[in-house]
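Visitor: Here is a sequence together with a model predicted from it:
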Amino acid sequence: MSQTFLLEPDIIAATQNVMPDLNNDLVLAKNFLKQQSAATGDSLYDHLVDVVQKILSQSPPDVVDNFEQYSWEVKQEKFRPNFDLLNDIYLSPPQLATVRQVDEMFRLVASKATKLDAGGEEEQELDLEEDNYKPKIQDLVDHNYYFRQAGFGLPASECYAIYISMIMLGIKEPVSTIRFFGKIFGTKANYYVMETDLTLEELDRRIRAFELKDMPGEGEAIDEAKAQAVEEQAEILGEGEGKEPVSKEPVPPKIPPEPVSTWQPPPPIPVERPGQGINRKVYWVCNRPGEPWICLPDIKPDHVRVARLCVRCMTGELDSEVITFPPFEGTEKEFLRAQIARIAAATSISPQGFFTYGSGEEEEDLDMEEGGGDMEFNLNPFYQGHTLKDLMDSNLTYWVHHGRHILKQGRTLWWNPNAGMEEGLEEEDDEGPPPVEPEVGPPLFTSLSEDARIEGMSAWSARVSSTLSPERAMVVLRSNLWPGAVAYATVGKKSECLYVGWGLKYNPPNFSPLQLPVPQLEYPIGPEIMEMADPTFADEEAYRIAHLPPPPPPVMMEEAGFGEEIEEED
Amino acid sequence: MNIHKLFDYKEYVNVNGMMFTDELICLLQNSLTLLQVENHFLNMQYWGQIYAVDNDYHIAVGINADAVADRKYFYTTDFKFWGLLPKSKKKYKQLSLLTSFPFRGEPSMKTKVLDEALEENHPDRCTIMKEESRLAATISIISEEAEVCARGQLIKQPSGTVVLNPNFYGLTAAEAKQLKSYLHIRPAQQRWNTNLLTRQDYNYSMDFLDSIDQDIPSGCWNLSIEQAGSMVYLKSLYWPGMMYFHKVRTADAGFLYVGNGRKNLDVPFLL
């Protein structure tokens, strides 16, 4: 091909020449490619130019294999407006809202830290007193490192922010110890949960408030007053109706009085006071680190009972309604708290000897029988750690529970429902309910080997974190009952548990909702109301024949008959 | 998720508190790269973990020419020997949903499964199932119901084969918030025009799979946006332990299942 391409003006000039020749063909072809599509106003020529330009400038690999995709992307880019009428408006990055919150938290924590620093240099002696108020905060960063080694834990991005927000919790709220309990997923947002002990003053205040609310007299008085009001209202209504029959309407027939239910609800199981039993720890939640911590309310035994009978996902909104059967009294706040109480009771585990009763500093005479169910326990300073082999023992005898077992009553301490009546019982032996067998759960520090098995699988699976380097290895236990609950223990003195999950218990084969009770009988079953088949004609005929009056005795035999009778009478 | 990117994805993975340890990643990368070379796979992915009583199973997927139809699943308990999982049979799929026993960690173990729906003397009422076939069946069910990809991650070429899109640049923040942008990795079960025409910006090469917003009940997928909108996590309530993550506007995305291989049948009660 000796002929080179012509420039545009030359081509146009050449089109004057109508003789078939190469330039003419080229022009025709180019004109065809430049035809604008009616829909988009775009032409293939421009598109090809753009595609080739993009391919050459970006030089992606193997364009020919996904050329269609490439061409599609070029088209897509073209439809994006490259001029913006709102050019001057700055769109802030989406992270801004979160950053604002976290920033506020950082400022608060930082200001506190510098203040403490300055104070510490100047007046250390005075500061000692202040130190008493400083809450004990679990070293989450350290624990998370060990969890990560064991294959569980939190991503680094979350872990540090949570740790700082724990400090913020310690600054803002009256708490004395803080421990990260875990993370609970919800359908709309997730919860981070902190487990804390309150300071003594706050605890006292809460106990006083609790006792005030729980005064036995008041509640009943209110109820009575209510009942009276209702009765009065009914009377008023009744009187009103009494006067009405003056009108000409027919008097309705008198209806017998409505039956009154004789059923009495069983006495409510008393709530455990703050700082005791299931309400021993106070839990705080938030949806994102940096948000203010919200205190979860103390729960009633009934909450635990209902939570055990139903399954539900958290939504992430504390005030959302909980619709279950049997009905749950309260919002998601209470439900979340009940689930946390159940999880904490079932999955708080530690190696044997990690915790001990009392302060552990000296040998104390510990009265195990007296209140053994609700005793304080503390870190054991004499804990030396166990060997890897012991911790991995398939029976898990070296691991113990340090969460208090929740009884069927929904309390950790058994409450005798007949306590009030017992004095009366001694006098009149036969009447009154029989004495109730106290319900006893496994005591604290029961070995995991006692745990119930699920479907032939033990409730916990032990795994060693590393097979290649036994020196660095530690043991991690994974709960099969509460998927997401884990605990680790090193050969040294470290151990912690964590829960990250949906807050759902594993119940094979699957959940079946509570059945409605059988409807009660309206009448006692008896012959009057029994259903039976109507007699057929043949039955009736047989009955009629069987009950015919006896045929009149034949006259012929009259005398003899009389004679016989007389004889018999003799 | 791609085994060669496990170290990059380490911080993104979080299934019920489970995270990758460095040792696990090293073991996986070494043994799976060898496996990939042996079998000439174009792409090798770590699929997840099935909890068992004695040893946990680790599952990997090898992908050849076709990213949907041409997948091979492998399992191991010790990272030394990867066994090829057999093709799952329909019968075992049904049985594995019935049985409630945990996995034992021993592929050759045989378990008896009682199908209570059948009559007393039916020959199939009590069937013996090898744990290997149960594992294969469980994994194929999970893959079918819960394995997802972002729209555009897989594309269908004009020749009909499905490949991983090399030019996938990620979903935009707005797209990532919609369930519609996530597709099941399985041969489509809906009619093709359902998948194609329910969106305005349809594209023949992308919308050939079922999108997950059609799944029943609505709400069985949990889409959460974290790290101030830059990460998207997708979890299935039916398969607790399943996770799909996607970093918005990047090609980083991956599927992972870590759990006991039991379907959660309580989903209608949970919502």
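Guide: Thanks, I have the structure now.
Visitor: Nearest residue to A:A452 in space, please, no chain neighbours.
Guide: Closest residue in space to A:A452, ignoring its immediate chain neighbours: A:A459 at 6.5 Å, by C-beta to C-beta, 6 or more residues apart in numbering or on different chains. All C-beta spots, glycine's among them, are computed from the backbone N, C-alpha and C.
Visitor: Help me confirm that the one you found comes into contact with A:S447.
Guide: No - A:A459 lies out of contact with A:S447 (C-beta atoms under 8 Å); the separation is 11.9 Å.
Visitor: more neighbours, these two?
Guide: A:A459 (20 against 16; other C-beta atoms under 10 Å in any protein chain shown).
Visitor: And the pLDDT at the more buried one?
Guide: On the pLDDT scale, A:A459 is placed at 83.
Visitor: Sort out which residues of the helix ranked longest in chain B are buried, please.
Guide: As assigned by DSSP state H, the longest helix anywhere in chain B is helix B:22-39. Using 16 or more other C-beta atoms under 10 Å in any protein chain shown as the test for burial, helix B:22-39 gives B:E23, B:L24, B:I25, B:L27, B:L28, B:Q29, B:S31, B:L32, B:L35, B:Q36.
Visitor: filter those residues down to the ones near chain A?
Guide: Of the residues in those, proximity to chain A by C-beta under 8 Å from any C-beta of the partner chain holds for B:E23, B:L24, B:L27.
Visitor: mind checking how far the first one is from A:L336?
Guide: What that stands for is B:E23. Counting by C-beta to C-beta, to the nearest Å, the gap from B:E23 to A:L336 is 35 Å.
Visitor: Equivalent analysis for B:S159, please.
Guide: 53 Å.
Visitor: Can you pick out the residue with more neighbours from these two?
Guide: When neighbours are counted by other C-beta under 10 Å, B:S159 and A:L336 differ, and A:L336 comes out ahead with 27 against 6.
Visitor: How far does the helix or strand where the more buried one lies sit from its chain's centre?
Guide: Applying DSSP states H and E as the criterion places A:L336 in helix A:332-347. Distance of helix A:332-347 from its chain centroid, counting by C-alpha atoms, centre = their mean, to the nearest Å, is 7 Å.
Visitor: For the stretch 1-150 of chain B, give the residue positioned nearest to chain A.
Guide: B:G17 (3.0 Å; C-beta to the nearest C-beta).
Visitor: List the contacts of that residue.
Guide: A:F152, A:G153, A:L154, A:G182, A:K183, A:G484, A:V486, A:L498, A:Y499, A:V500, A:G501 (C-beta atoms under 8 Å, 6 or more residues apart in numbering or on different chains).
Visitor: before we move on, what about B:A176?
Guide: Per C-beta under 8 Å, 6+ apart, neighbours of B:A176: B:A150, B:I225, B:V232, B:H246, B:V248.
Visitor: Not counting sequence-adjacent ones, nearest residue to the residue of the stretch 1-150 of chain B closest to chain A?
Guide: For B:G17, the closest residue by C-beta to C-beta, 6+ apart turns out to be A:V500, at 3.0 Å.
Visitor: Max pairwise distance over the contacts of B:A176: which two?
Guide: B:A150 and B:I225 (13.8 Å; C-beta to C-beta).
Visitor: Compare neighbour counts for the two and give me the winner.
Guide: Neighbours were counted for B:A150 and for B:I225 using other C-beta under 10 Å; B:A150 has more, 23 against 16.
Visitor: pretty sure the more buried one contacts B:D252?
Guide: No - here B:A150 does not reach B:D252: they are 10.2 Å apart, not a contact under C-beta under 8 Å.
Visitor: any common contacting residues for those two?
Guide: B:G170, B:H246.
Visitor: OK, contacts around the residue of the stretch 101-250 of chain B found nearest chain A?
Guide: Scanning the stretch 101-250 of chain B for the residue nearest chain A gives B:A228, at 3.6 Å (criterion: C-beta to the nearest C-beta). Residues counted as contacts of B:A228 (C-beta under 8 Å, 6+ apart) are A:P94, A:Q95, A:A97, A:T98, A:V99.
Visitor: Just the buried ones from those, in PyMOL syntax?
Guide: Applying 16+ other C-beta under 10 Å to the contacts of B:A228 leaves a buried subset, and the PyMOL line that selects it is:
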select buried, chain A and resi 98
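Visitor: tell me which of the contacts of B:A228 is nearest to B:R191?
Guide: A:P94 (36.6 Å).
Visitor: Give me the secondary structure label for that closest one.
Guide: coil (DSSP: H, G, I helix; E, B strand; the rest coil).
Visitor: For A:E291, see how far away it is.
Guide: 17 Å.
Visitor: what do you get for A:L44?
Guide: For A:L44, the distance to A:E291 - C-beta to C-beta - is 55 Å.
Visitor: between these two, who's got more neighbours?
Guide: Using other C-beta under 10 Å as the criterion, A:L44 and A:E291 rank with A:E291 on top: 16 against 13.
Visitor: phi, psi of the closest residue to that one other than its chain neighbours?
Guide: Nearest residue to A:E291 in three dimensions, chain neighbours excluded: A:Q101, at 6.1 Å (C-beta to C-beta, 6+ apart). Per-residue torsions, A:Q101: phi -60, psi -50 (degrees, to the nearest 10).
Visitor: ok, of the contacts of B:G17, which come out buried?
Guide: A:F152, A:G153, A:L154, A:G182, A:K183, A:G484, A:V486, A:L498, A:Y499, A:V500, A:G501.
Visitor: Inside helices: which ones of those residues?
Guide: Among those, no member lies in helices (by DSSP H).
Visitor: quick one: what helix or strand has A:A462 in it?
Guide: Assigned by DSSP H and E, A:A462 falls in strand A:460-464.
Visitor: Return that strand as CSV; C-alpha atoms alone will do.
Guide: C-alpha atoms of strand A:460-464 as CSV (Å, rounded to 0.1, in the frame of the first residue of the first chain):
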residue,chain,number,x,y,z
TRP,A,460,-17.2,-27.4,75.1
SER,A,461,-14.6,-28.2,72.4
ALA,A,462,-10.9,-27.6,73.4
ARG,A,463,-8.4,-26.7,70.7
VAL,A,464,-4.8,-26.0,71.0
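Visitor: So which other helices or strands are in contact with it?
Guide: If you count contacts as 3 or more C-beta pairs under 8 Å, 6 or more residues apart in numbering or on different chains; DSSP states H and E, strand A:460-464 packs onto strand A:475-479.
Visitor: all helices for the stretch 1-150 of chain B, in order.
Guide: B:6-9, B:22-39, B:90-98, B:131-146 (DSSP state H, counting those that start in this stretch).
Visitor: Grab the two from the contacts of B:A228 that are most spread out in space.
Guide: Pairwise over those, using C-beta to C-beta, the maximum falls at A:P94 and A:V99, 10.0 Å.
Visitor: what residues are up against the residue nearest to B:G17?
Guide: A:F152, A:L154, A:G182, A:K183, A:G484, B:N14, B:N16, B:G17.
Visitor: same deal with B:L270?
Guide: A:V311, A:R312, A:C313, A:L504, B:L237, B:N264.
Visitor: Could you check how far the fourth one is from A:S59?
Guide: Pointing back at A:L504 there. From A:L504 to A:S59 the distance is 52 Å (C-beta to C-beta).
Visitor: of the two, who's got more company?
Guide: A:L504 (23 against 8).
Visitor: any idea how far B:N264 is from the nearest residue in space to the more buried one that is not next to it in sequence?
Guide: Excluding its sequence neighbours, the residue lying closest to A:L504 (C-beta to C-beta, 6+ apart) is A:V311, at 6.2 Å. Distance of A:V311 to B:N264, computed by C-beta to C-beta: 9 Å.
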